[in-house]
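# based on what follows, work out the 3D shape:
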Amino acid sequence: MSLSPEEVARRSAEAMWAGDAASQALGMRILEVGPGRAVLSMTVRDDMVNGHAIGHGGLTFSLADSAFAFACNSYNRTTVAAGAEIRFRRPVRLGDELVATAVERAREGRDGTYDVTVTVGGDVVAEFTGRSREIGGPFWEEGHDARGDDR
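You can find the predicted model right below:
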């Protein structure tokens, strides 16, 4: 049985999410996932605000990085970041709902480039570019679900 690219992406996200304690601890949620794309959200909490009373940039980066990770791992191939950069366009505030949308710009061989836009209420607050490198095999075997159970 051959799975659709959307089903492969969904199962890959399930497998990654099961072990992603960092994203879960930050309260991130997966809103969408597909081949080469992912949308995650996170609400800025009290413990995410810095000494300037704005959302800590490192946590905005973390959300963008997680969206990037789910996008570049959507092909059921173990893939990691080779590099990333972010441009903050405006500060975020306590209570803001951040939405990070990752899209694949290029993928050739084991290398990929992904753009992630972080928004609040549709306004762009950060732009992130990640470069990925495939380092290994699949998360799960076809014929089994993301936990390894028979399907």
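
# please make it C-alpha for all contacts and neighbour counts, starting now.
OK.

# how much space separates the most centrally placed residue in the chain from Leu3?
Per C-alpha atoms, centre = their mean, the C-alpha nearest to the average position across the chain is that of Ala67, at 1.5 Å. Distance, Ala67 to Leu3, by C-alpha to C-alpha, to the nearest Å: 23 Å.

# then Val125?
36 Å.

# looking at those two, which has the bigger crowd around it?
Val125 (20 against 10; other C-alpha atoms under 10 Å).

# got a pLDDT number for the more buried one?
Looking at Val125, its pLDDT stands at 98.

# swap in Met28?
At Met28, the pLDDT recorded in the model is 98.

# gap between it and Leu98?
9 Å.

# what do the two both touch?
41-43 (C-alpha atoms under 8 Å, 6 or more residues apart in numbering).

# out of those, who's the most crowded?
Ser41 leads those on contacts (other C-alpha under 10 Å) with 23 neighbours.

# isn't that one up against Asp96?
No - at 10.2 Å, Ser41 and Asp96 do not qualify as touching, with contact defined as C-alpha atoms under 8 Å.

# do a quick rundown of the helices in the chain.
Taking DSSP state H, the helices of the chain run over residues 5-19, 21-25, 57-72.

# mind checking which of those helices is nearest Arg87?
Nearest to Arg87 among the helices of the chain is helix 57-72; the distance by C-alpha to C-alpha comes to 9.4 Å.

# quick one: contacts of that closest one?
Residues outside helix 57-72 that contact it (C-alpha under 8 Å, 6+ apart) are 13, 16, 23, 28, 33-42, 48, 79-81, 86, 88, 98, 100-104, 112, 114-118, 126, 128, 130, 132.

# of the residues you listed, grab the buried ones for ChimeraX.
Those of the contacts of helix 57-72 that count as buried under 16 or more other C-alpha atoms under 10 Å are selected in ChimeraX with:
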select :13,16,23,28,33,34,35,36,37,38,39,40,41,42,48,79,80,81,86,98,100,101,102,103,104,112,114,115,116,117,118,126,128,130,132
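
# fine, thanks again, bye for now.
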